[in-house]
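*Asks:* I would like to see how this sequence folds:
(one chain, ligands or ions: 1)
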Amino acid sequence: MPADSPSNALKPSTVAVTAGRPPHEPDAPLNTPITMAATYVAGGDLEYGRYGNPTWTAVEDVIGQLEGGRCLAFSSGLAGVATVLDLVGRDAKVVAPRHAYNGTVMQLADLESRGRLRAELVDITDTEAVVRACDDAALVWLESPTNPALEIADIATITAAAHEAGAYVVVDNTFATPLLQTPLADGVDVVVHSATKYLGGHSDLLMGAVVTSDEELYAVLKGRRDLLGAVPGTLEAWLTLRGLRTLHLRVERAQQNAMELARRLAEHPAIGEVRYPGFGGILAVVLAGGAMAADLLTRKTRLWVHATSLGGVESTFERRRRWKTEAATIPDGLVRMSVGIEDVDDLWDDLVRALDTLTAG
Ligand SMILES: *Cc1c(COP(=O)(O)O)cnc(C)c1O
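*Replies:* Sure, this is the predicted structure:
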């Protein structure tokens, strides 16, 4: 797509395919090449490999257009999280979901233990309590749906309250992707992604993304990335760019499969509870037989792979409390399921074969 075309008017699936391409000129490649460069000939804007790379620019262009802001790529999701959390002043209060991504909660605990900030962890579904907590906060961190509890926050209401109190609002949009939720449109200041998950989509890379429509914030974040150096590898940026071309197809199919599996799982006697927010490709089940049943399930399937992480084309699942760092309020027998794009009946048959052994006899 030519750089000057009005991409705002295009639908997200068209943006996913067409943004971040070289101009339509004779002999120009259709795809942005991988530019392996540590340094550039002096006199231009880039100068050095830590400050910029044409392959990053292409992937940032796609993610930025999808979220409705300007994007900065990072070496991982957590590198992006760390860069954003580093913006708050000394001793500032940060409000965050008690069931936010484990690594985010651990970063907050680490910063708090070193006297860097004060973290207040809240039940993100209790909008009134979150609004009250916003009062003297500098930053309100949201994740919706949360990982792995799959709770939903009232982003618009909380953002309005946080802004009233003078706090910045950040949303980790990893689970929803910009196709199902665009927080910047609700007034949110910064969106964070683990591009490792849906944006890359093939479980073969680590990358993060931070997006904002606030030019001043963009400049500050770019300055921090230049200084701290948590920049993505060029190959990772290119693979994410390639993954983004099919984001809409993958998310649509994963969501269809997840919706159908949530419905069928709710009827199985081995399942005590199904948590599905009604959209997206992630669901969680709580096994009626607790941790032991959950561990058995994750070892008895042939298609479903027992692995952490999520958002790939292949279906994976894990019992989250196998991690010592997972919140104690997450049920012992909860299995988070990242539904892939395989045939839904094959996925179901594989699950049922394993689940039936739990209820047999
Ligand atoms: C995985 C994940 C992260 C961390 O991203 P990495 O790329 O693994 O560093 C942050 N937030 C959420 C919601 C995640 O699922």
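
*Asks:* Quick check: bridge partners of the residue in the stretch 151-300 of the chain positioned nearest to the ligand?
*Replies:* Residue nearest to the ligand within the stretch 151-300 of the chain (Cβ to the nearest ligand atom): Ser194, separated by 3.0 Å. Where C-beta positions appear, they are placed from N, C-alpha and C, glycine not excepted. Beta-bridge partners of Ser194, counted by DSSP bridges, are Gly208.

*Asks:* how far away is it from Met207?
*Replies:* Taking Cβ to Cβ, to the nearest Å as the measure, Ser194 falls 8 Å from Met207.

*Asks:* Okay, buried residues for the top helix by length along the chain please.
*Replies:* With residue count as the measure and DSSP state H as the assignment, the chain has helix 247-265 as its longest helix. Of all the residues in helix 247-265, those buried under the rule 16 or more other Cβ atoms under 10 Å are 247-248, 250-251, 253-255, 257-259, 261-262, 264-265.

*Asks:* out of these, who's near the ligand?
*Replies:* Among the buried residues of helix 247-265, no residue lies close to the ligand (Cβ under 6 Å from any ligand atom).

*Asks:* wait, isn't the residue of the stretch 151-300 of the chain closest to the ligand in contact with Gly77?
*Replies:* Yes - Ser194 lies in contact with Gly77 (Cβ atoms under 8 Å); the separation is 2.8 Å.

*Asks:* more crowded one of the two?
*Replies:* More crowded of Ser194 and Gly77, by other Cβ atoms under 10 Å: Ser194, with 29 against 25.

*Asks:* need the contact list for that one.
*Replies:* Taking Cβ atoms under 8 Å, 6 or more residues apart in numbering, we find Ser194 in contact with 76-78, 80, 101, 172, 174, 208.

*Asks:* what about the residue lying closest to Ala92 once chain neighbours are set aside, how many neighbours?
*Replies:* Among residues not flanking Ala92 along the chain, Ala138 sits closest, at 3.6 Å (Cβ to Cβ, 6 or more residues apart in numbering). Using other Cβ under 10 Å, Ala138 has 19 other residues around it.

*Asks:* Of all the residues in the stretch 51-200 of the chain, which one is nearest the ligand?
*Replies:* For the stretch 51-200 of the chain and the ligand, the shortest gap (Cβ to the nearest ligand atom) falls at Gly77, measuring 2.2 Å.

*Asks:* any idea how far Gly52 is from Leu206?
*Replies:* Distance from Leu206 to Gly52, counting by Cβ to Cβ: 20 Å.

*Asks:* residues shared between the contacts of Ser194 and Met207?
*Replies:* Taking Cβ under 8 Å, 6+ apart as the criterion, Ser194 and Met207 both touch 76-77.

*Asks:* anything in contact with each of Ser194 and Gly77?
*Replies:* By Cβ under 8 Å, 6+ apart, Ser194 and Gly77 have these common neighbours: 101, 174, 208.

*Asks:* filter those down to the ones near the ligand?
*Replies:* Under the cut-off given by Cβ under 6 Å from any ligand atom, the ligand has 101, 174, 208 from the shared contacts of Ser194 and Gly77 close to it.

*Asks:* OK, contacts around the second one?
*Replies:* For Thr174, the contact set (Cβ under 8 Å, 6+ apart) comprises 77, 101, 143, 147, 192-194, 197-198, 311.

*Asks:* So which residues on this structure come close to the ligand?
*Replies:* Residues of the chain found near the ligand (Cβ under 6 Å from any ligand atom) are 76-78, 101, 103, 143, 147, 172, 174-175, 194, 196-197, 206, 208.

*Asks:* Right, I'll call it a day here.
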